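>>> coords below, sequence missing:
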């Protein structure tokens, strides 16, 4: 009698474990549908987020820009990190994670039409 209850309990535990693993797989598939992978190649131009927030220009208040750039990707490092170089007069180089970068698309006034 007790042995039958223990066998039934083990079967129920296995069923619940199987159900939980299927639910986790379904949640992971739903999440991964919305994830967009960012990858940049050397020579690509990117925007960099201004971090930390207190580095923003206080004169503009909430209208201060959130992104600065453009920067040029120099090398691709492991762990979704990139070595980027600032364009223009100053030539500072830094290493930054891809979650702080986004692709640079030139504005209309920056495009040279020949």
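Received it, and whenever you're ready, just let me know what you need. Everything numeric here is computed off the predicted structure, so don't read it as measured data. Numbering: from 1, shown residues only.
>>> contacts and neighbour counts: CA atoms only from here.
Fine.
>>> Low-confidence ranges, the protein, go.
1-3, 53-56, 89, 111-114 (pLDDT under 70).
>>> Please report how far the spatially most central residue of it lies from residue 73.
Among the residues of the chain, the one closest to the centroid is residue 99, at 3.5 Å (CA atoms, centre = their mean). Distance, residue 99 to residue 73, using CA to CA, to the nearest Å: 14 Å.
>>> try residue 92
12 Å.
>>> Find residues that contact each of those two.
By CA atoms under 8 Å, 6 or more residues apart in numbering, residue 92 and residue 73 have these common neighbours: residue 85.
>>> Identify each of the strands in the chain and give its residue range.
Here the chain has its strands, by DSSP state E, at 45-49, 67-77, 81-86, 93-97, 101-103.
>>> Next, format those strands as TSV and append mean neighbour count and distance to residue 110.
Putting the strands of the chain into TSV (neighbours: other CA atoms under 10 Å; distance: least, CA to CA, whole Å) gives the following:
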stretch	mean neighbour count	distance to residue 110
strand 45-49	21	13
strand 67-77	18	12
strand 81-86	21	17
strand 93-97	14	23
strand 101-103	18	15
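>>> could those go into a markdown table alongside distance to residue 34?
Output for those, formatted as a markdown table (distance: least, CA to CA, whole Å):
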| stretch | distance to residue 34 |
| --- | --- |
| strand 45-49 | 22 |
| strand 67-77 | 23 |
| strand 81-86 | 22 |
| strand 93-97 | 20 |
| strand 101-103 | 17 |
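>>> Would you mind giving the domain segments of this structure?
Here the domain assignment for the chain is 1-35, 45-110, based on automatic domain parsing.
>>> quick one: contacts for residue 109?
Counting by CA under 8 Å, 6+ apart, residue 109 has no contacts.
>>> Which positions within stretch 45-62 qualify as buried?
For stretch 45-62, the buried set under the neighbour-count rule, 16 or more other CA atoms under 10 Å, comprises 45-49, 56.
>>> all helices in this structure, in order from the N-terminus.
Ranges of helices in the chain, per DSSP state H, are 2-34.
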